[in-house]
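Enquirer: I'd like to go over a predicted model; first the sequence, then the structure.
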Amino acid sequence: MLPNSQKINTAIRKHWLIENSLHWCLDVAFDEDKSRIRAGFADQNFALLRRIALNLLKNDASSKLGIKNKRLSAGWDDECLARILKI
């Protein structure tokens, strides 16, 4: 059994792993913290769509662009969008 300090350290590291790998990416690439969507279930629906988009962008290995630049490229270029969506 782990001593209390090791348990606390493990919990903190797990928290920051989630923060750095998901929440930070969503805020930087999609400006999620600035979202003004509030009506009904729209906020939950758009949060789900952002996470789906983030996973698709992370899985695209065709370019070495960052997530935000891949998202912008997909918005500007239909071929890039088709490649990311694998259609």
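Expert: Looks like it arrived, so ask away.
Enquirer: worst-scoring helix or strand of this protein, pLDDT-wise?
Expert: Least confident helix or strand, the chain: helix 4-18 with a mean of 81, by mean pLDDT, DSSP states H and E.
Enquirer: mind listing what's buried in whichever helix or strand comes after it?
Expert: Where DSSP states H and E defines the elements, the next helix or strand beyond helix 4-18 is helix 24-30. By neighbour count on 16 or more other Cβ atoms under 10 Å, the buried set for helix 24-30 is 25-26, 29-30. C-beta coordinates here come from the backbone N, C-alpha and C atoms, glycine included.
Enquirer: So residue 32 is in contact with residue 25, correct?
Expert: No: using Cβ atoms under 8 Å, residue 32 is not in contact with residue 25, being 9.3 Å away.
Enquirer: Of all the helix elements in this protein, which one is longest?
Expert: When the chain is parsed with DSSP state H, its longest helix is helix 42-59.
Enquirer: for that helix, the distance to its chain's centre please.
Expert: With Cα atoms, centre = their mean, to the nearest Å as the basis, helix 42-59 stands 7 Å off its chain's centre.
Enquirer: can you give me the mean pLDDT across it?
Expert: The average of the pLDDT scores along helix 42-59 is 91.
Enquirer: residues making contact with it?
Expert: Helix 42-59 has contacts (Cβ atoms under 8 Å, 6 or more residues apart in numbering) with 22, 25-26, 29-30, 32, 35, 37, 67, 70-71, 74, 84-85.
Enquirer: residues touching residue 29, list them.
Expert: Listed by Cβ under 8 Å, 6+ apart, the contact partners of residue 29 are 54, 57, 66-68, 71.
Enquirer: tell me the pLDDT at residue 30?
Expert: 87.
Enquirer: Equivalent analysis for residue 1, please.
Expert: 55.
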